[in-house]
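**Student:** coords please:
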Amino acid sequence: MGFFGIFSKDKKEELDKGLSKTKDSFLGKLTRAVAGKSKVDESFLDDLEEILITSDVSAETTFKIIDRIEARVARDKYINTGELNSMLREEIMGLLHENKSTDQEGYFIPDDKKPFVIMVVGVNGVGKTTSIGKLAKQLKDQGKKVILGAADTFRAAAIDQLEVWAGRAGVELVRKEMGSDPASVAFETVQKGVSEGADVVIIDTAGRLHNKVNLMNELTKVKKVMSKVLPGAPHEVLLVLDASTGQNAIEQARHFTQATPVTGIIVTKLDGTAKGGVVLGIADQFQIPIKFIGIGEAIEDLQVFNSRDFVDALFNKS
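**Tutor:** Numbering: from 1, shown residues only. Predicted coordinates:
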């Protein structure tokens, strides 16, 4: 089984740097709330609730965290504010551990699925095409033969952008003219992957949120034609979400998970926002593994998500 993305010291340092805006905002609010208080009481829990919600952890996930901390306070009777960081870290880690496969040491490509077909979905502007290009480059560097399919045929810019990334990654691209049938592009890409013995095929899809029914029909058609060429394809459906949109990312996740089964999530643009808390809400509410996070512009800044490293970075002061 092939994999990549094991966290080295350098990777952890990059993660810490990439989460700096979220971390500084979150820890800054927490430090101010703790100032002058000696114990975790009802007043402090109200402040903590506000901190979590304003850090773009969703209300639903915030209430779950607060309920768990309240239970610990009731059980242990007295918890001082000095213990709060470790307690909060444990509860957040607990939530992430309830999500599937969040302590990943790498992204695994099964040897028994060749080509391994990945369909990537998400609205325009979230970093979908960029994420595909970075993923393709990392897989190529691991010795995998990768083919991309430009099935977002509604925008010429999307096709051209994917072509640029295919060139950077040094991988093949299947494309047609703007307005072509997306399903036909997906069909030809998977067909090419099978005939050429590719290890991985990655299919880009249109990012429109114009109509839920049309979106569902379109994605269903794309998946159906791929399975005709290769039974079981796509093997992975990755949803790309932009962390900087905060709670809107959760709404997008809700929309797409209703339109198609999603097996993994990529959260992008964490380096440019203080809204990284949205990762917790996404993981908790959808129970879909977060497979990758984007923490910068460089190709290597698309990192395999590891919950323990993420929480460590969130709570470690610079």
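**Student:** okay, now G232: neighbour count?
**Tutor:** Using other C-beta atoms under 10 Å, G232 has 9 neighbouring residues. Every C-beta, even on glycine, is put in place using the N, C-alpha and C of the backbone.
**Student:** So it lies in a strand, does it not?
**Tutor:** No. If the criterion is DSSP: H, G, I helix; E, B strand; the rest coil, then G232 is coil and not within a strand.
**Student:** Excluding chain neighbours, what is closest to it?
**Tutor:** Nearest residue to G232, sequence neighbours excluded (C-beta to C-beta, 6 or more residues apart in numbering): K113, at 7.1 Å.
**Student:** how close does the one you found sit to T130?
**Tutor:** Using C-beta to C-beta, to the nearest Å, we find K113 at a distance of 25 Å from T130.
**Student:** Counting neighbours, go ahead and name the busier of the two.
**Tutor:** Comparing K113 with T130 by other C-beta under 10 Å, the one with more neighbours is T130, at 19 against 15.
**Student:** Sketch out the helices for the stretch 51-200 of the chain, chain order is fine.
**Tutor:** Using DSSP state H, counting those that start in this stretch, the helices of the stretch 51-200 of the chain run over 59-76, 84-98, 128-141, 156-169, 182-195.
**Student:** quick one: which of the ones you listed is nearest D309?
**Tutor:** Closest to D309 of the helices of the stretch 51-200 of the chain is helix 84-98 (C-beta to C-beta; 10.9 Å).
**Student:** now what about the closest one, what contacts it?
**Tutor:** Applying C-beta atoms under 8 Å, 6 or more residues apart in numbering, the contact partners of helix 84-98 are 30, 34, 40, 48, 61, 64-65, 68-69, 72, 79, 102-103, 280, 283-284, 287, 307-308, 310-311, 314-315.
**Student:** mind listing what's buried in it?
**Tutor:** L84, M87, L88, E91, I92, M93, L95, L96 (16 or more other C-beta atoms under 10 Å).
**Student:** Would you check the residues you listed and say which has the weakest pLDDT?
**Tutor:** Of all the buried residues of helix 84-98, L84 carries the smallest pLDDT score, 79.
**Student:** Please report how far that one lies from S307.
**Tutor:** Distance of L84 to S307, computed by C-beta to C-beta: 20 Å.
**Student:** and if you look at G193?
**Tutor:** Distance, G193 to S307, by C-beta to C-beta: 32 Å.
**Student:** The two - which one has more neighbours?
**Tutor:** G193 (30 against 22).
**Student:** my read: the more buried one touches F116, true?
**Tutor:** No. At 9.2 Å, G193 does not count as touching F116 under the criterion of C-beta atoms under 8 Å.
**Student:** Can you tell me which of the contacts of helix 84-98 are buried?
**Tutor:** Buried members of the contacts of helix 84-98, scored by 16+ other C-beta under 10 Å, are 30, 34, 40, 48, 61, 64-65, 68-69, 79, 102, 280, 283-284, 307, 310-311, 314-315.
**Student:** Give me the below-cutoff pLDDT ranges for the stretch 151-300 of the chain.
**Tutor:** For the stretch 151-300 of the chain, the stretches with pLDDT under 70 are 209-212.
**Student:** circling back: closest one to I250 among the helices of the stretch 51-200 of the chain?
**Tutor:** Per C-beta to C-beta, nearest to I250 of the helices of the stretch 51-200 of the chain: helix 59-76, 9.2 Å.
**Student:** Neighbours of the spatially closest residue to T189 that is not a sequence neighbour, how many?
**Tutor:** Nearest residue to T189, sequence neighbours excluded (C-beta to C-beta, 6+ apart): G149, at 3.0 Å. G149 has 31 neighbouring residues, counting by other C-beta under 10 Å.
**Student:** count of residues packed around V278?
**Tutor:** 28.
**Student:** same deal with Q142?
**Tutor:** By other C-beta under 10 Å, neighbour count at Q142 equals 17.
**Student:** show me where this structure has strands.
**Tutor:** Assigned by DSSP state E, the chain shows strands spanning 2-4, 107-109, 116-121, 146-150, 172-174, 200-204, 236-242, 264-268, 290-294, 302-304.
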